[in-house]
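Q: Sequence plus the predicted model coming up.
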Amino acid sequence: MDPNTQTGPLLRTGTDADAEGVATLHAGQIGEGFLSFLGPGFLRHLYRRIARSPESFLLVVEQGSTLVGFIAGSTDVAALYRSFLWRDGLRAAAASGGRLLRSWRLAMETLRHGTGGAGEGAELLAVAVEPSIRGHGVGWQLVEGFLSEVDRKAVGSAHVVVASDNHRAVALYERAGFRTVEQFELHAGTTSLMMQWVAPRDPSR
């Protein structure tokens, strides 16, 4: 199909050039979590690193020329965070406008999760969809794309941490085959679910 005739939402691999749009979408649509608090300036550096890192991946959905959704994942979150801190840490901290320094305890909790999480396989780091296009299957398109990328990398399993009261996201993940395996507090006072996905067995093997 000629891409110029594409009228529906188009899923593609995200690049450096998408980092700003992804950061804006994350900051505006993901209310829970420490990363949203750090603001789009910090997030822009993070998503640029995710797009560049060999162990991570960024997928975006465009409607026409407008970015309307994204999903990010990593097969090695610890390596991603090390690379991000080493290569982007100072600039990202400066871009947070002092929020990172004022909330260093939350930052350490987030880093500990990334270096020692209980989930297996690739981690689904974040997903967001522009409100005006919700209900048109974009969230499902993104999660399917994420699982296809996990399959392409031959990882075999994936997990996601989601706020227990984010019922829309929990239902989406359950539809895709994720199952809750643990309930815990990533940050004090906030209940999160660890949801796990395992690739279906190939009956031909």
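A: Nice, thanks for sending it over.
Q: State the mean pLDDT of the one helix or strand Ala72 maps to.
A: Using DSSP states H and E, Ala72 falls within strand 66-74. For strand 66-74, the mean pLDDT works out to 97.
Q: Which stretches in this protein count as strands?
A: 10-13, 56-63, 66-74, 122-129, 157-163, 179-187, 190-198 (DSSP state E).
Q: one step back: put the alpha carbons of the strand holding Ala72 into CSV.
A: Extracted in CSV, the C-alpha atoms of strand 66-74 (Å, rounded to 0.1, in the frame of the first residue of the first chain):
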residue,chain,number,x,y,z
THR,A,66,0.1,13.2,14.1
LEU,A,67,1.6,11.0,16.8
VAL,A,68,-1.4,9.6,18.7
GLY,A,69,0.1,6.7,20.7
PHE,A,70,3.3,5.0,21.8
ILE,A,71,4.6,2.0,23.7
ALA,A,72,8.1,1.4,25.0
GLY,A,73,9.8,-1.8,26.2
SER,A,74,13.1,-3.3,27.1
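Q: That strand packs against which elements?
A: In terms of contacts (3 or more Cβ pairs under 8 Å, 6 or more residues apart in numbering; DSSP states H and E), strand 66-74 is packed against helix 19-29, helix 34-52, strand 56-63, strand 122-129, helix 138-152. C-betas here are computed from N, CA, C, even on glycine.
Q: rank the ones you listed by pLDDT, which is bottom?
A: In terms of average pLDDT, helix 34-52 trails the rest of the helices and strands packed on strand 66-74, at a mean of 90.
Q: orientation of that helix relative to strand 66-74 in degrees?
A: Regarding helix 34-52 and strand 66-74, their directions subtend 90 degrees when assessed with axes from the mean of the first three to the mean of the last three Cα atoms, to 10 degrees.
Q: could you say what helices and strands helix 34-52 packs with?
A: Using 3+ Cβ pairs under 8 Å, 6+ apart: helix 34-52 touches helix 19-29, strand 56-63, strand 66-74, helix 77-95, helix 99-102, helix 104-116.
Q: Turn the ones you listed into JSON lines, columns for mean neighbour count and distance to Gly8.
A: Supplementary listing: the helices and strands packed on helix 34-52 in JSON lines, determined by neighbours: other Cβ atoms under 10 Å; distance: least, Cβ to Cβ, whole Å:
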{"stretch": "helix 19-29", "mean neighbour count": "20", "distance to Gly8": "19"}
{"stretch": "strand 56-63", "mean neighbour count": "23", "distance to Gly8": "8"}
{"stretch": "strand 66-74", "mean neighbour count": "23", "distance to Gly8": "11"}
{"stretch": "helix 77-95", "mean neighbour count": "17", "distance to Gly8": "31"}
{"stretch": "helix 99-102", "mean neighbour count": "15", "distance to Gly8": "38"}
{"stretch": "helix 104-116", "mean neighbour count": "14", "distance to Gly8": "35"}
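Q: Grab the nearest non-local neighbour of the residue nearest in space to the middle of the chain.
A: Per Cα atoms, centre = their mean, the C-alpha nearest to the average position across the chain is that of Ala126, at 2.1 Å. In space, and not counting its chain neighbours, Ala126 is closest to Ala72: 5.1 Å by Cβ to Cβ, 6 or more residues apart in numbering.
Q: Could you give the number of residues near the nearest residue to Gln183 once chain neighbours are set aside?
A: Leaving aside its chain neighbours, Gln183 sits nearest to Leu193 (5.7 Å; criterion: Cβ to Cβ, 6+ apart). Counted with other Cβ atoms under 10 Å, residues neighbouring Leu193 total 21.
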